[in-house]
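Chemist: any chance you could fold what I've pasted below:
(one chain, ligands or ions: 1)
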Amino acid sequence: PIPTLHADNGELSLEDVPLTQLAEQFGTPSYVYSKAALTAAFDAWQQALSGRRALVCYAVKANSNLGVLSVFARLGAGFDIVSGGELARVLAAGGRADKVVFSGVGKTRDEMRQALRAGIRCFNVESAAELERLDSIAAELGVKAPVALRVNPDVDPKTHPYISTGLKGNKFGVAFADAQALYARARALPNLHISGIACHIGSQLLDPAPIAEAAQKLAELVDRLATDGITLDHIDLGGGLGIRYQDETPPGVADYLAPLLKVFEGRTEELCFEPGRSLVGNAGLLLTRIEYLKPGETKNFAIVDAAMNDLARPALYDAWHDVVEVVARATPAQTYDVVGPICESGDFLARERELAVEEGDLLAILSAGAYGMTMSSNYNTRPRAAEVIVDGEQAHLVRARETIDALFADEKPL
Ligand code: LLP
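Modeler: Residues are numbered from 1 along each chain as shown. Okay, here's the model as predicted:
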């Protein structure tokens with residue numbers, strides 16, 4: 001699934017760099033991303049939206065490495081953030097504050113101040129209480145806060161329940177039925193500037209119909225607001241476009257957007273999108289080395305040096321990631337569970353895979369560019385992996401492997 005991953009003489013390379021070379025140079029486990037794949041993914045969005053007033057705001061949570069952010073910043077991306085920390089990263093990577101939208105249900109006063117001082121483009125407000133708080137913080141700073149209300153269009157995105165966010169009964173957004181009244185309230189608050197409307201219905205969407213349905217609902221609401229004299233400058237459809245991990249067949253960006261763009265035909269509002277996974281997921285892999293092969297009574301285990309602390313998705317969502325040998329071997333394949341060294345039965349990266357491997361071999365865990373490193377932890381006092389961006393024949397270390405000293409540098413014995 002990674003467009004720039006290819007095998008020559010039985011050995012995998014990302015762009016023009018063999019993965020064995022990366023493992024030698026940077027060690028394992030390491031996250032490795034392809035700049036060409038990142039660029040191609042962003043270009044696909046830009047192209048699908050060409051000729052339209054639109055802004056693609058990369059969802060930083062998917063992969064917040066400064067190297068990755070700087071690639072998108074240079075391509076003209078905006079950014080969707082969910083914390084003050086992510087805002088700081090965007091600015092440090094050269095992203096423009098006036099292209100940043102701030103999502104999330106729990107923005108603190110400090111985060112609001114930070115974002116207002118930076119001059120972000122819009123706050124996607126998720127509750128009445130947040131609207132009031134933002135107004136008071138804006139007053140304190142003597143500025144007007146640009147706002148969109150994130151509404152809950154109550155459409156079923158038909159995805160994993162953990163990542164579907166636009167249905168009634170979850171914590172995100174404001175109820176569709178309350179939106180008009182809340183916009184009226186926002187207009188009455190003197191330190192807010194009503195800029196747009198937002199929604200996000202879920203992630204790993206494989207069908208364009210639900211987002212088009214949400215778009216239709218939003219468009220109708222925008223028209224109703226206009227009759228109240230509230231005019232909006234932008235409509236933010238959130239993120240969600242899925243990728244291929246195994247045998248999924250996600251639509252291309254243009255096919256995903258076509259029915260939605262039809263809904264907005266003839267309208268002048270700027271369209272914003274917040275794609276995360278579709279921009280980075282298949283631009284990255286996790287490179288790991290087999291420490292031991294352990295034949296079991298009912299199962300064989302390949303114990304690798306990456307673990308659930310590096311890539312949590314399999315343990316957390318039972319997510320499937322392809323696992324491939326970096327160097328092909330003539331030895332017959334056997335069925336393995338690929339597991340890490342962490343003391344939990346849930347510490348697996350893949351189950352029941354046919355692999356022709358020996359101790360010391362490298363494995364590539366694919367489609368790991370999104371929600372991989374960003375969801376990693378230091379569980380079992382494991383330093384987090386290095387991160388590398390490959391660009392043609394060049395490999396750039398964009399995050400050094402954590403050191404053990406750094407892990408407890410802020411602690412002290414009592
Ligand atoms: N905008 C908002 C408001 C979001 O909540 C999200 C993701 C996105 C944009 C980006 O969605 P994407 O284009 O990546 O689908 N950790 C899970 C995914 C959680 C997604 C949360 N929200 C996973 O590993 O599958």
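
Chemist: how about the residue minimising distance to the centre of the chain, what does it touch?
Modeler: Centroid check for the chain by C-alpha atoms, centre = their mean gives A62 as the closest residue, at 2.1 Å. A62 is in contact with 276-277, 279-281, 369-371, 374, counting by C-beta atoms under 8 Å, 6 or more residues apart in numbering. C-beta: built from backbone N, CA, C; applies to glycine.

Chemist: tell me the contacts of L38?
Modeler: By C-beta under 8 Å, 6+ apart, the contact list for L38 reads 68, 71-72, 279-280, 283, 389.

Chemist: between these, which is nearest P190?
Modeler: F72 (35.4 Å; C-beta to C-beta).

Chemist: and the one helix or strand the closest one maps to, what's buried?
Modeler: Using DSSP states H and E, F72 maps to helix 66-74. Within helix 66-74, the residues scored as buried using 16 or more other C-beta atoms under 10 Å are 66-73.

Chemist: let me have those residues in CSV, adding pLDDT and distance to E291 as columns.
Modeler: Formatted as CSV, these follow (pLDDT from 0 to 100; distance: C-beta to C-beta, whole Å):
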residue, pLDDT, distance to E291
L66, 99, 30
G67, 99, 28
V68, 99, 28
L69, 99, 33
S70, 99, 34
V71, 98, 33
F72, 98, 35
A73, 98, 38
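
Chemist: what about the nearest residue to G202 once chain neighbours are set aside, how many residues close to it?
Modeler: Counting by C-beta to C-beta, 6 or more residues apart in numbering, G202 lies nearest to P157, which is 3.4 Å off, once chain neighbours are set aside. Residue neighbour count, defined by other C-beta atoms under 10 Å, stands at 25 for P157.

Chemist: helix, strand or coil for the residue in the stretch 101-250 of the chain that the ligand sits nearest to?
Modeler: Residue of the stretch 101-250 of the chain nearest the ligand, by C-beta to the nearest ligand atom: G239 (2.7 Å). Using DSSP: H, G, I helix; E, B strand; the rest coil, the structure places G239 in coil.

Chemist: what's the burial count for E270?
Modeler: Neighbour count for E270, taken as other C-beta under 10 Å: 16.

Chemist: verify the stated contact: the residue of the stretch 101-250 of the chain closest to the ligand with C272.
Modeler: No - counting by C-beta atoms under 8 Å, G239 sits too far from C272 to count as a contact (10.4 Å).

Chemist: ok, back up a step: can you pull the contacts of the residue nearest to the residue nearest to the centre of the chain when sequence neighbours are not counted?
Modeler: Residue nearest to A62 in three dimensions, not counting chain neighbours: G276, with 3.2 Å by C-beta to C-beta, 6+ apart. For G276, the contact set (C-beta under 8 Å, 6+ apart) comprises 58-63, 80, 203, 239, 370-371.

Chemist: tell me the spacing between G276 and S103.
Modeler: In this view, G276 and S103 are 11 Å apart by C-beta to C-beta, to the nearest Å.

Chemist: overlap of the contact sets of the two?
Modeler: D80.

Chemist: ok, back up a step: surely the residue nearest to G202 meets A209?
Modeler: No - if you go by C-beta under 8 Å, P157 and A209 don't touch, sitting 9.6 Å apart.

Chemist: any low-confidence regions in the chain?
Modeler: Where the chain drops to pLDDT under 70, the residues are 159-169.

Chemist: would you map the helices across it?
Modeler: For the chain, helices defined by DSSP state H occupy the ranges 19-26, 35-48, 66-74, 84-92, 109-118, 128-141, 179-188, 209-227, 253-263, 277-280, 313-317, 404-407.

Chemist: beta partners for the residue in the stretch 1-150 of the chain that the ligand sits nearest to?
Modeler: Residue nearest to the ligand within the stretch 1-150 of the chain (C-beta to the nearest ligand atom): A59, separated by 3.5 Å. On the basis of DSSP bridges, A59 is bridged to D80.

Chemist: contacts only, for it.
Modeler: Residues counted as contacts of A59 (C-beta under 8 Å, 6+ apart) are 79-80, 239, 274-277, 279.

Chemist: redo these as JSON lines? Include distance to Q180.
Modeler: As requested, these are exported to JSON lines (distance: C-beta to C-beta, whole Å):
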{"residue": "F79", "distance to Q180": "29"}
{"residue": "D80", "distance to Q180": "25"}
{"residue": "G239", "distance to Q180": "25"}
{"residue": "E274", "distance to Q180": "24"}
{"residue": "P275", "distance to Q180": "28"}
{"residue": "G276", "distance to Q180": "30"}
{"residue": "R277", "distance to Q180": "32"}
{"residue": "L279", "distance to Q180": "33"}
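
Chemist: need the max-distance pair from these.
Modeler: Comparing all pairs in the contacts of A59 by C-beta to C-beta, the longest separation belongs to F79 and R277, at 15.1 Å.

Chemist: picking up where we left off before, tell me the one among the buried residues of helix 66-74 nearest to R267.
Modeler: The nearest member of those to R267, counting by C-beta to C-beta, is F72 at 26.5 Å.

Chemist: other SSEs contacting the top strand by length along the chain?
Modeler: Secondary structure of the chain per DSSP state E: the longest strand is strand 284-295. Counting contacts by 3 or more C-beta pairs under 8 Å, 6 or more residues apart in numbering; DSSP states H and E, strand 284-295 is packed against helix 19-26, strand 30-34, strand 300-304, strand 362-365.
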